[in-house]
Structure formats: C-alpha cells, structure tokens
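Participant: quick one, structure for this:
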Amino acid sequence: MSYDFNNADHQQNGFDLIPAGTIVPLVMTIRPGGSGEGGWLKASNNSDAEMLDCEFVVESGPYAKRKLWQFMVLSGGKLNDKGDSVAGNISRSTLRAILESARTIMPDDMSDAAIRARIINGWQDFCGIVFLAKIGVEKDKTGLYSDKNKIATVITPDMKDYSDGGQSANAKLTTTATSGSPQDAAPAPKWGGTPSSSSSAPAAAPTAAMPPAQSQPQSSPTPAWAR
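Facilitator: Model prediction:
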C-alpha cells in the first residue's frame, strides 16, 4: 500500500531563543512529579533532591505562548555549613520573588499584609500565577543539546523595569545590535496579566486537603501593565 504525504503540513522550523535580557510576563505551572505532599514534587533520579518541575509560558507580547522549563530544587543535594540545601535556598528566594512580583509586594516590606501575601496554602497556588521576569540563555556545555532559555531574574516592584513591564529595557535591547548598529525595533511586550495566586490543582496531580485560599493583599499600587 502506498501513502501520499503531499498534503501533509510543512515541517515547522524551530524557534530562535528569546534574546537574553528580554523582559516578559510569565504564567507559571507546576508539572506534578508524584513525590512529596500532594504529589507536587519530582524526585531526582541521581540524588536525594526533590524539586518543582516548572513550566513557564510567555503571556503576551512578540514572544507570546513561547515556553521555557526549569527545575527548582527544594531539598537535598549539596548542603551548606548549616545543613541547608544550597539549591533549595536559591529556589525559595526565587519563589518569594515570584510572589512579590505577582502580588506587587516590595521585597523589604514586612507589614502584616506583605507577610500574609508571601504565604501559600499549597504548591497549587503557583499554578496560574503571572509575574514579570528577565530572560537569560543557558549554554549547553556538553555539546549534546541546544542552548535554552531560563529565568535570569524575577522583576520585583523595587526594580525600575517593573512599573512599565520592561518596555523601556526591551526597546533598548531591540534597537541596538551586539555590534552597536541600529536594528528594526520589535514591539515591546505588553503586560496584560492580572496578578493571580491560586488555581485548581492539575488533573494529573494527587489531591490533598488544603485550607481555604487567603485574600491577596497588595502593599503597593498595581502598575498599569498588570491591571
């Protein structure tokens, strides 16, 4: 029997990486790994580490719907002199920044409202949360895989790029080439997200009883890009 592929769609070309330094709004989702409370964590195959398997989708702008993936180790692995997981401390710092970006909380704000806004009822609170981030590029040192995008920095309300959603930084990035020659400017991303702190657990995740979601106080005005 013969098969005719003339009517099949053309092969899709791969995406170029999002340029390092680009600021975009990201929607976060945790892909459950079946480990830890509620099955939200993923266990490492090579160590005692447990981590969050995170997917981030660009919410709007010229890179809308582009995805990146990143593990956030919460426990295990290399320990510091206090016996704490080194990678776990870094991940918790990043997760705190994500909450502060999404909920418009200044990092040094320790008011009751800000403290409550940094508390989650479970890992499902990060599913659907929208925050601002600067994108980086992780180089593959083995030569076996392609380079990939990663979160370089979470943009929090104390940073100058937060108020306009990074449009000023992106405009500068897209109008100057590496050599310094002008380039056609790409439209700056328009942050259209609404701060969100909770969503239902993914269908694939084991469910666990969680206390009612808390209200989400904000301790500084919501910038225009997040309204």
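Participant: and residue 84, how far is that from residue 52?
Facilitator: Distance, residue 84 to residue 52, by CB to CB, to the nearest Å: 17 Å. Where you see a C-beta, it was placed from the backbone N, CA and C, and this is true even at glycine.
Participant: compare those two (neighbour count), which wins?
Facilitator: Shown here are residue 84 and residue 52; by other CB atoms under 10 Å, residue 52 has more neighbours (22 against 13).
Participant: my read: that one touches residue 41, true?
Facilitator: Yes: when contacts are counted by CB atoms under 8 Å, residue 52 is listed as touching residue 41 (6.5 Å).
Participant: overlap of the contact sets of those two?
Facilitator: 74, 123 (CB atoms under 8 Å, 6 or more residues apart in numbering).
Participant: surely residue 96 is in a helix?
Facilitator: Yes: judged by DSSP: H, G, I helix; E, B strand; the rest coil, residue 96 forms part of a helix.
Participant: quick check: chain neighbours aside, which residue is closest to it?
Facilitator: Excluding the flanking residues, the one nearest residue 96 by CB to CB, 6 or more residues apart in numbering is residue 118, at 6.2 Å.
Participant: and the helices in the protein?
Facilitator: 86-103, 112-117, 167-175 (DSSP state H).
Participant: restrict stretch 30-49 to CA atoms and write it as CSV.
Facilitator: In CSV, the C-alpha atoms belonging to stretch 30-49 read as follows (Å, rounded to 0.1, in the frame of the first residue of the first chain):
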residue,chain,number,x,y,z
ILE,A,30,3.9,23.1,38.2
ARG,A,31,4.0,19.7,36.5
PRO,A,32,3.4,17.2,39.3
GLY,A,33,6.1,14.5,39.7
GLY,A,34,4.3,12.2,42.2
SER,A,35,6.6,12.9,45.1
GLY,A,36,6.2,14.9,48.3
GLU,A,37,3.0,16.2,49.9
GLY,A,38,0.1,16.1,47.4
GLY,A,39,2.4,14.6,44.7
TRP,A,40,3.6,18.0,43.5
LEU,A,41,7.3,17.4,43.7
LYS,A,42,9.6,15.4,41.4
ALA,A,43,12.4,13.2,42.9
SER,A,44,15.8,13.3,41.3
ASN,A,45,17.0,10.1,39.6
ASN,A,46,20.6,10.8,40.7
SER,A,47,20.4,12.2,44.2
ASP,A,48,18.2,12.8,47.2
ALA,A,49,17.0,16.1,45.8
